[in-house]
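Undergrad: Test case, fold it:
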Amino acid sequence: SRRRKLLDYLKSESVERYQTLIGRLGIRK
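TA: Predicted coordinates for the structure are as follows:
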């Protein structure tokens, strides 16, 4: 999905920002 690609990109680009976004969205993996 588009969002998944965006998350993967964010993770490779900035793990810190990625985790902050995940925490804000309340996604647990």
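Undergrad: Give me the residue ranges of this structure where confidence is low.
TA: Within the chain, the ranges that satisfy pLDDT under 70 run 28-29.
Undergrad: how about the helices of this protein, start to end?
TA: For the chain, the helices defined by DSSP state H occupy 2-13, 15-25.
Undergrad: Same list, these, but as TSV with mean neighbour count please.
TA: C-betas here are computed from N, CA, C, even on glycine. Converted to TSV, the helices of the chain look like this (neighbours: other Cβ atoms under 10 Å):
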stretch	mean neighbour count
helix 2-13	11
helix 15-25	12
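Undergrad: can you tell me which residues contact Gln19?
TA: Contacts for Gln19 (Cβ atoms under 8 Å, 6 or more residues apart in numbering) come out as none.
Undergrad: can you rerun that using 10 Å?
TA: 10-11 (Cβ atoms under 10 Å, 6 or more residues apart in numbering).
Undergrad: Kindly report the same for Ser14.
TA: Ser14 makes contacts with 20-21, as judged by Cβ under 10 Å, 6+ apart.
Undergrad: same thing with the one 4 residues further on?
TA: Under the criterion of Cβ under 10 Å, 6+ apart, the contact partners of Tyr18 comprise 6-12.
Undergrad: Closest one of these to Thr20?
TA: Using Cβ to Cβ, Leu10 comes nearest to Thr20 of these, at 9.7 Å.
Undergrad: Arg17 is in contact with that closest one, correct?
TA: Yes - Leu10 lies in contact with Arg17 (Cβ atoms under 10 Å); the separation is 6.1 Å.
Undergrad: Look up how far Gly23 lies from Leu10.
TA: To Gly23, Leu10 is 13 Å away according to Cβ to Cβ, to the nearest Å.
Undergrad: cool, Lys11 as well?
TA: Separation of Lys11 from Gly23 (Cβ to Cβ): 14 Å.
Undergrad: again, but for Ser12
TA: In this view, Ser12 and Gly23 are 18 Å apart by Cβ to Cβ.
Undergrad: again with Ser14
TA: Ser14 sits at a distance of 14 Å from Gly23 (criterion: Cβ to Cβ).
Undergrad: One more: Arg17?
TA: According to Cβ to Cβ, Arg17 and Gly23 sit 11 Å apart.
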